[in-house]
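**Student:** No sequence on hand, only this structure:
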């Protein structure tokens, strides 16, 4: 009876996925496998001789890498600027160190190319790396076996690294975080300051004529009427002794305060936030692609756009910022004026949660077609394949947000669902196919693979620490966050975040992670080519 059920390949596929996800929820020493638990259940099912439908893995791979590209696109190219540039270089060095270590170990320990590529991806806990390696190797390769063996080393190794390193250096991360915050508070939080208008240079002028305010990423949204802060009307003119509310980043607001007058002290006021402020989702072509300078919301509608929420990032806009499809605009104004602007902007709250499936399909089609194109490199044909093609297209779409009618924006919930969906399908196929020869591989290479996996984890981590401290002159919180990002270790980040209240490790991780994510796909393929 059971054999009859398991011989149904669709049923077997979902049994593998469900069993793996349940395994991924099991907590051991505070750690869980998450979606990667599917690779272990798939290896077990494959060892028992079960199969899943052909093509399930390829479909999952395409969806997974495409969504990865969309998520990384908005920050990938920007990661190379400022302090993020040092973290991006660190991430690149970590991936190179891992690939070089893998190459040396594989050649000296006689580890086959497929197992070596799997260990490389597993030690750096990189599923995109596994996908890229599998595509470069023929069907039936043992990449997934190597990945399954090395993955626990990758998770546990980085968790131990981020916990033991501060102890060895005798650094209290909580105290370090407080000290750094006191020394270099970036003032990035958005604040509201009540200002008394005093400067003769601005008296008698309209707000929209003062470009300095908008160009400072600040907005004046309200003025004091009696004891009530009312929305600024379309015909508002600055007068001496007025009180206005300035909104902006903490470090930018003082310049605007100096322009207008001085910060008001001991002034009682109240704000009607229920009816005079609304979140408006932009979807109309009348506002999408237009700057605030072109829209002139104060003059035309009597409303002020105080904040824009985009890709889970909230910022105070300046006059040259373009409104993108699906942006959530925080608007202040009289209720009837807000409704007028909402109709003009095409406000539909569900737009923020909708996925443009046509854009999704067109993007994937473009990625697959690009992946099939063969490029001539020194007389050898090279193709991006089913992982590289969709990834490249998604990176470009994610960076620009929109190319023609094709949008690269996707709600976070949809991103997480599709990425998880694609990932578990891909892992199930990879594991089941590799599970057929799991035991013979372990019997022959087990010790060598374990030794290689541990070395590949520790070498890049050590390289990251040395580079961060002696070359890039980073503090320990930046180094640890950068190492976790460069080795795509979310568990490591989770552990270090529990050890300090500072957000420095998270910021460093976010700068290094997308670079490592993309470079892993390239270095996995380079490694396979070099070892053949």
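**Tutor:** Nice, thanks for sending it over. Here the structure is a predicted model, which means the values were calculated and not measured.

**Student:** Mind listing the strands the helix or strand where residue 221 lies pairs with, and their directions?
**Tutor:** Using DSSP states H and E, residue 221 sits within strand 218-225. Its sheet considered, strand 218-225 pairs with strand 228-231 (antiparallel), strand 243-249 (antiparallel) by DSSP bridges.

**Student:** so can I have TSV of those strands showing distance to residue 301 and mean pLDDT?
**Tutor:** (Glycine included, C-beta is placed from N, CA and C.) Shown next, in TSV, are the strands paired with strand 218-225 (distance: least, Cβ to Cβ, whole Å; pLDDT from 0 to 100):
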stretch	distance to residue 301	mean pLDDT
strand 228-231	11	84
strand 243-249	18	86
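
**Student:** which one of these lies closest to residue 101?
**Tutor:** Nearest of the strands paired with strand 218-225 to residue 101, taken as Cβ to Cβ: strand 243-249 at 42.6 Å.

**Student:** residues making contact with that closest one?
**Tutor:** Strand 243-249 is contacted by residues 187-197, 213, 216-224, 229, 232, 238, 253, 256-257, 260, 264, 267, 269, 306-307, 316 when judged by Cβ atoms under 8 Å, 6 or more residues apart in numbering.

**Student:** Beyond that strand, next helix or strand please.
**Tutor:** Later in the chain than strand 243-249, the nearest helix or strand by DSSP H and E is helix 253-260.

**Student:** In that following helix, which residues are buried?
**Tutor:** 253, 256, 257, 259, 260 (16 or more other Cβ atoms under 10 Å).

**Student:** Quick one: low-confidence residue ranges for the stretch 51-200 of the chain.
**Tutor:** In the predicted model, the stretch 51-200 of the chain carries pLDDT under 70 at residues 72, 74-76, 78-84, 181-189.

**Student:** Helices of that one, residue ranges please.
**Tutor:** 56-76, 82-108, 113-123, 127-136, 143-169, 173-183 (DSSP state H, counting those that start in this stretch).

**Student:** Go through these and pick out the most buried.
**Tutor:** Ranked by mean neighbour count, these are led by helix 113-123 with a mean of 30 (mean count of other Cβ atoms under 10 Å).

**Student:** So residue 364 is in contact with residue 63, correct?
**Tutor:** Yes - between residue 364 and residue 63 there is a contact at 7.4 Å, judged by Cβ atoms under 8 Å.

**Student:** Can you name the residues that contact residue 47?
**Tutor:** Residue 47 makes contacts with 435, 436, 438, 439, as judged by Cβ under 8 Å, 6+ apart.

**Student:** Relative to residue 522, how far out is the closest residue in space to residue 65 that isn't next to it in sequence?
**Tutor:** Take residue 65 and drop its neighbours on the chain: the residue closest to it by Cβ to Cβ, 6 or more residues apart in numbering is residue 391, 4.5 Å away. Residue 391 sits 10 Å away from residue 522, taking Cβ to Cβ, to the nearest Å as the criterion.

**Student:** Of these two, which one has the most company?
**Tutor:** Ranked by neighbour count (other Cβ atoms under 10 Å), residue 391 and residue 522 place residue 391 first, with 32 against 16.

**Student:** Can you check what pLDDT the model gives that one?
**Tutor:** For residue 391, the pLDDT comes out at 79.

**Student:** Kindly confirm my reading that it forms part of a helix.
**Tutor:** Yes - counting by DSSP: H, G, I helix; E, B strand; the rest coil, residue 391 is part of a helix.

**Student:** Does it touch residue 64 like I think?
**Tutor:** No - taking Cβ under 8 Å as the definition, residue 391 is not a contact partner of residue 64, at 9.6 Å.

**Student:** between those two, what contacts are shared?
**Tutor:** Taking Cβ under 8 Å, 6+ apart as the criterion, residue 391 and residue 64 both touch residue 128.

**Student:** where along the protein do the strands fall?
**Tutor:** Ranges of strands in the chain, per DSSP state E, are 190-197, 218-225, 228-231, 243-249, 261-263, 270-271, 277-281, 304-310, 313-315, 328-332, 374-377, 380-383, 402-403, 406-407.

**Student:** any idea which of these scores lowest on pLDDT?
**Tutor:** Here the strands of the chain differ in mean pLDDT, and the lowest is strand 380-383 at a mean of 59.

**Student:** separation between residue 73 and residue 394?
**Tutor:** 6 Å.

**Student:** okay, and the common contacts of the two?
**Tutor:** Here residue 73 and residue 394 have residue 408 as joint contacts, going by Cβ under 8 Å, 6+ apart.

**Student:** how near is the nearest residue to residue 261 once chain neighbours are set aside to residue 257?
**Tutor:** Residue nearest to residue 261 in three dimensions, not counting chain neighbours: residue 198, with 3.1 Å by Cβ to Cβ, 6+ apart. According to Cβ to Cβ, residue 198 and residue 257 sit 10 Å apart.

**Student:** Identify each of the helices in the stretch 351-500 of the chain and give its residue range.
**Tutor:** Here the stretch 351-500 of the chain has its helices, by DSSP H, counting those that start in this stretch, at 357-372, 385-400, 412-435, 438-466, 476-486, 490-497.

**Student:** Which one, of the ones you listed, ends up nearest to residue 529?
**Tutor:** Among these, helix 385-400 comes nearest to residue 529, with 12.6 Å by Cβ to Cβ.

**Student:** and that closest one, what does it pack onto?
**Tutor:** helix 56-76, helix 127-136, helix 357-372, helix 504-531 (3 or more Cβ pairs under 8 Å, 6 or more residues apart in numbering; DSSP states H and E).

**Student:** For residue 105, find the nearest of those.
**Tutor:** For residue 105, the closest of those is helix 504-531, at 10.7 Å, according to Cβ to Cβ.
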